[in-house]
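S.K.: Predicted model and sequence below, questions to follow.
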Amino acid sequence: MTDEDLATTPLTEMHRGLGARMVPFAGYLMPVQFEGVMAEHAWTRGQAGLFDVSHMGQIVARPCDGGGWASLAPALEAAMPVDLVDLPEGRQRYGLLTNDAGGIEDDLMVANRGDHGFLVVNAANKAADLERLRGLCPDVEFEMIGDRALVALQGPAAEAVLAEHAPDCAAMRFMDVAVTRIGGAGAWVSRSGYTGEDGFEISLPAGDAPGIVEALLADDRVRPIGLGARDSLRLEAGLCLHGHDIGPDTTPVEAALTWAVGKVRRTGGARAGGFPGADTILRQIAGGAPRKRVGLRPEGRAPMREGTALFDGDTPVGAVTSGGFGPTVGAPVAMGYVAADRAQTGTALTGEVRGKRLPVAVAPLPFTQANFKR
């Protein structure tokens, strides 16, 4: 596949002008780095990094009866084990689209915007997600928005930077959503992101996005950041990447995402079950799962990458799903799945790297403290 066969975002030409190294990702041509992963990672942790995430799917959901969130929320709950009925207007929640076996078809964000909902789904799954949602929620109209960009401004300086363009955003808390104006354009803003840092995700009209991004990058506290640092940042933050750490064969309980299953959707709750895979998921919540996602700290300096087999003695016990060097941690970090009886923090295992068994220990997640504004 050549670059000409890949989709582009409204910011592609800007990335090229900034000297980005462009790579294929989820069917798009995306910047993997600008000045280097280590430098971009450190800049985001210390200042503010600007990420193009326009490849993600942006979906507006409206109830067919025109009843607003009161009608929409219970309809959407047929597709995911999330408490949406009790989600206040102006707030969003992390959700999971599950299948009949309890596996995770995708993870997403769902926002209550009063008379409608706004969903952000992963790029590689957006067409399948749209089909799944339409099948499970027949009383909801779903529209994939194709004329908007999506950028993430992440890092400790993000609030101060954005407040100079949209002062009302400074008062937002983690997981708040709002509609405002930036550079004269209508912006859909959430105080969220996937780096473990404070920050915002900003949906912008495609035609206005380059000018607004240029204005943000004109601030000395902001630099463009590519997919490479986005991956190392989310790994240090202990955040899952769909298709790697979670997928159709991984349940929320195995993935240590039980917290995302609303209490009212669990056994004994006011709206227990009613979502795909409920029997499996609720049974595992009550009795445990056979394996669990854990943090892993390899000894030495050699990273353990995705696919590294994990052993207890000569017994295979799991595998790494994400791994690399953690620039903030200053050492290799990884996540993976191990048998439930080997999931306790401190459990000593080995990982097979280039034919050698190297020491690795089960470690708590995240590897770096989250800095969200509560």
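M.R.: Sure thing, it's come through.
S.K.: my read: Pro63 touches Cys137, true?
M.R.: No. Pro63 lies out of contact with Cys137 (Cβ atoms under 8 Å); the separation is 9.2 Å. For every residue, glycine as well, the C-beta is placed using N, CA and C.
S.K.: what do these two both touch?
M.R.: Residues touching both Pro63 and Cys137 by Cβ atoms under 8 Å, 6 or more residues apart in numbering: Ala75.
S.K.: Need the pLDDT of Ala215.
M.R.: On the pLDDT scale, Ala215 is placed at 98.
S.K.: Which secondary structure elements does the helix or strand containing it sit against?
M.R.: For Ala215, the element it lies in under DSSP states H and E is helix 209-217. Under the contact criterion of 3 or more Cβ pairs under 8 Å, 6 or more residues apart in numbering; DSSP states H and E, helix 209-217 touches helix 12-17, strand 48-52, strand 148-154, strand 222-225.
S.K.: Throw the ones you listed into a markdown table and include mean neighbour count and mean pLDDT, thanks.
M.R.: Below are those laid out as a markdown table (neighbours: other Cβ atoms under 10 Å; pLDDT from 0 to 100):
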| stretch | mean neighbour count | mean pLDDT |
| --- | --- | --- |
| helix 12-17 | 16 | 98 |
| strand 48-52 | 27 | 98 |
| strand 148-154 | 25 | 98 |
| strand 222-225 | 24 | 98 |
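S.K.: To Val23, which of these lies closest?
M.R.: With respect to Val23, and counting by Cβ to Cβ, the nearest of those is helix 12-17 at 11.0 Å.
S.K.: now the host helix or strand of Arg132: mean pLDDT?
M.R.: In this assignment (DSSP H and E), Arg132 forms part of helix 126-136. Helix 126-136 carries an average pLDDT of 98.
S.K.: do the same with stretch 255-273
M.R.: The model assigns stretch 255-273 a mean pLDDT of 98.
S.K.: OK, contacts around the spatially most central residue of the chain?
M.R.: Closest residue to the average C-alpha location of the chain: Tyr194 at 5.2 Å, with Cα atoms, centre = their mean. Residues in contact with Tyr194 (Cβ under 8 Å, 6+ apart) are Ala152, Arg230, Leu233, Arg234, Ala237, Leu239.
S.K.: change it to 6 Å
M.R.: Applying Cβ atoms under 6 Å, 6 or more residues apart in numbering, one finds that Tyr194 lies in contact with Arg234, Leu239.
S.K.: could you point out where the chain is predicted with low confidence?
M.R.: Judged by pLDDT under 70, the chain has its weakly predicted residues at 1.
S.K.: What residues of the lengthiest strand in it count as buried?
M.R.: As assigned by DSSP state E, the longest strand anywhere in the chain is strand 315-326. Neighbour counts over strand 315-326 (16 or more other Cβ atoms under 10 Å) mark Val317, Gly318, Ala319, Val320, Thr321, Ser322, Gly323, Gly324, Phe325, Gly326 as buried.
S.K.: Among the residues you listed, which pair sits farthest apart?
M.R.: Comparing every pair within these by Cβ to Cβ identifies Val317 and Phe325 as the most remote, at 23.7 Å.
S.K.: angle of the helix holding Ala215 against strand 48-52?
M.R.: Angle, helix 209-217 to strand 48-52, by axes from the mean of the first three to the mean of the last three Cα atoms, to 10 degrees: 170 degrees.
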